[in-house]
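**Q** coords below, sequence missing:
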């Protein structure tokens, strides 16, 4: 008698069919079917139109802006977020609990709210933009503004990824390094940084993914000029408004695939480092 | 109300956790399932509880087909190794739980439930602890609550899965004694899983020894000790020595020592308990390794036929006067010639 | 951290260390103020630019009130649905072993890694003018796109993972021992779920609902794509902020933004409270 394929381990607990059924139905309704539409729509006019849509100068510029700006923002967050995490886990100072809670603000604040606030801040006549205007530095309505907005949204991801790891670091290892003569800088780069690196990469990856897809925080401060300061999500919206569903879906699909590939690379890098260090 | 287990097999991905196991637990008996980890004893217990299903075989309780019943229908009380107390309920609510979830028709009234809870708290000697939460109790106390909770539903069968494993030695010993008392008071048929032979021998009326999914022997503790069915049982219970030997022409031979034996011809293991060895001119060749005196007892470590054994002797015993490195001959008053496993 | 200090030289080193520390703390806090707190401050300043009464007046506008109602309605539908989903998903994923579990969990996480605009786009592709279901909808005379229904659908998609992601690690960590014990004690499936499972996860559930709620109220990108942007009808609060801003009604825009910012701060306070008081009952995800 052939053994039946066992796709589920037997369990005395009740509710499997009900919970799985509901979960699968819900996911199909809200994730799978919409996702399938996104995957299929770009091809309705054939492969050529897909290639054309993705490689048009406007699309390339938009994708480039979204991805490059997010990468820059993620890099900045890596450094400053690392500093923030360090200061919050290692030092005590008045207002520390408040500072810690405030870090989550970009998570909680609606993106449109953040968008207009950042624009007001960095516009030529704004508090910060006004300070930099005489120096000839423009932030709002330029790609730099896009980067600033992405820094804002990505900050919590990096800090919250690093904090628990820093918290759990074995102080004895550092003490041993100190007794062996390592300077603070050496301890930071040779002992602490490698230990924190996987979490750092993870946080940076999350911040990057978030920045690429960000819309509300960015469209107010970006110039939204095609080919110059237009982010990819805005391009999607524009094409929808022109009823170019296939075009919009194509850009969306391109964004997804590119993000997926980059994150895959990140995860690979992470496992590589984790394996070596563990 | 006997529990009849017949030819139970349970396989995971082709590897058998239980292989053709048959066992009968008598009404009111305290049976221990004893064996090393991986021997299948917990799997067998879980099958009895209904938390696992065998791939083959039958389980009948009081004539009923147990396998056709869900855990709820079986009315089996189970005590888990991790206690599994409901962390968000008080001790009293934990104990009362099995009564409170009964269907409306058979549910006792609130007053009756409260009274039962008080009785059980008295039984486990935790009166006054009803309003406490599990996190406020020690490990031993939690385990007692777990037992009371299982007993509250008046189970036909009580199953305990290494209940004292996570506790320290002193608490373990106290709880063992107390569990035996409870069993005598309630008379519930009880099956206990343990890897601790001392625990099994102290608590159980009968002990079933399991090895790699099969039952080696089922018998009273004394019978297991006096008449082990295999070298595994001999080794598992109490201290002992197993030497390679051969049986031929009615004699068992190990190195240059021989003695009459009616064991079957062929290779076997010569199994000897340390207390059955005495110094003599004829016997197994060995060498004294060390002598450790503690109070009025001494531990003499010897090497017999290359195998190490510790003998426990009174300080006056001539054996304890020998120096390390001295050769010695030890004659077994009693020995078993056994196969590796049953 | 500081060793027993001998006089002279080590004290200088200690002072240098203190200076370094102070510098780092100062830098970090400066960054925090610049990046996170300054925007908050600007909202308040701009909202009150023409005085408090002007700000309050703009908030009492019927359009703002309608937007608030729609925001609340959307949240009131999306959050409970996703909470039920989170419980169901956590139950089947953490209590059973089956093929496809990893795929299931990846699908649950998907809305988090996707641009909100895409989360809105997919609904247009399904229900828009030339969407998949357009023929049927037209035949039935129904419209989904540019109505509150579409807004609710987009919000559900965007906030789908939040409750599940809080419950799954916690229920995994807690294990099923208590539920198995309840089973042996004779409890029915519903009793097990109500008396054992739910109480054990209540704080994580609350936390997840809090996060989902905050996201639902503040969602912009996905909702912007599927909404008709019709004032008073298909605008949520965040969308209304955009409209006011584009009309140069800065006081109105920032006043509404301030309202949303206050809600965000309340969320942060509740979040912080849950994290500190009930840390053990939330998943071990590095919460202090």
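**A** That came through fine. Note that the structure is predicted; figures quoted are calculated from it, not measured.
**Q** Now do residue 257: how many residues are near it, please.
**A** I'll assume chain A. Neighbours of residue A:257 under the rule other CB atoms under 10 Å in any protein chain shown: 11. Placement of C-beta: from N, CA and C, glycine included.
**Q** my bad, chain C
**A** Residue C:257: 32 neighbours (other CB under 10 Å).
**Q** show me the contacts for residue A:162.
**A** By CB atoms under 8 Å, 6 or more residues apart in numbering or on different chains, the contact list for residue A:162 reads A:81-82, A:85, A:196, A:199-200, A:203.
**Q** And the lowest mean pLDDT element among the helices and strands of chain B?
**A** Confidence across the helices and strands of chain B bottoms out at helix B:71-74, with a mean of 84, counting by mean pLDDT, DSSP states H and E.
**Q** which element follows that one toward the C-terminus?
**A** As assigned by DSSP states H and E, the chain's next helix or strand after helix B:71-74 is strand B:76-79.
**Q** quick one on the thing from earlier: mind listing residues that contact the least confident helix or strand of chain B?
**A** Against helix B:71-74 from outside (CB under 8 Å, 6+ apart): A:12, B:49-51, B:61, B:66, B:156-157, C:183-184, C:186-188.
**Q** ok, 6 Å please
**A** The contact list for helix B:71-74 (CB atoms under 6 Å, 6 or more residues apart in numbering or on different chains) reads A:12, B:50, C:183-184, C:186.
**Q** Work out the gap between it and the centre of the chain.
**A** Helix B:71-74 sits 25 Å away from the centroid of its parent chain (CA atoms, centre = their mean, to the nearest Å).
**Q** related to what we said a few turns ago, intersect the contacts of residue A:162 with the contacts of chain B.
**A** Applying CB under 6 Å from any CB of the partner chain to those, one finds that nothing falls near chain B.
**Q** Now intersect these with the helices, please.
**A** Judged by DSSP state H, helices contain the following of those: A:81-82, A:85, A:196, A:199-200, A:203.
**Q** In which helix or strand does the closest residue to residue C:233 other than its chain neighbours reside?
**A** Once flanking residues are discounted, residue C:233 sits nearest to residue C:66: 7.1 Å by CB to CB, 6 or more residues apart in numbering or on different chains. Using DSSP H and E, residue C:66 sits within helix C:62-95.
**Q** Next, see if the helix or strand following that helix gets close to chain A.
**A** Scanning forward in sequence from helix C:62-95 by DSSP H and E, the next helix or strand is helix C:101-109. Yes. Judged by CB under 6 Å from any CB, helix C:101-109 and chain A are in contact via residue C:107.
**Q** any idea which of the contacts of residue A:162 is the one closest to residue C:43?
**A** Closest approach between those and residue C:43, by CB to CB: residue A:81, at 23.2 Å.
**Q** Would you mind measuring from the closest one to chain C?
**A** 9 Å (CB to the nearest CB, to the nearest Å).
**Q** What degree of burial does that residue show, as a neighbour count?
**A** The burial count for residue A:81: 29, using other CB under 10 Å.
**Q** And for residue A:68?
**A** Neighbours of residue A:68 under the rule other CB under 10 Å: 14.
**Q** contacting residues around the residue nearest the centre of chain C?
**A** Against the mean C-alpha coordinate of chain C, by CA atoms, centre = their mean, the closest residue is residue C:215 at 2.9 Å. By CB under 6 Å, 6+ apart, residue C:215 lies in contact with residue C:159.
**Q** what's the distance between the lowest-mean-pLDDT helix or strand in chain C and the middle of its chain?
**A** Of all the helices and strands that make up chain C, helix C:9-32 has the lowest average by mean pLDDT, DSSP H and E, namely a mean of 81. From the chain centre to the centre of helix C:9-32 is a distance of 36 Å (CA atoms, centre = their mean).
**Q** Could you do stretch B:122-131 as well?
**A** The chain centroid and the centroid of stretch B:122-131 are separated by 28 Å under CA atoms, centre = their mean.
**Q** what does the average pLDDT come to for it?
**A** For stretch B:122-131, mean pLDDT is 93.
**Q** likewise stretch B:314-326?
**A** The model assigns stretch B:314-326 a mean pLDDT of 85.
**Q** How far does that stretch stretch from one end to the other?
**A** 19 Å (CA to CA, to the nearest Å).
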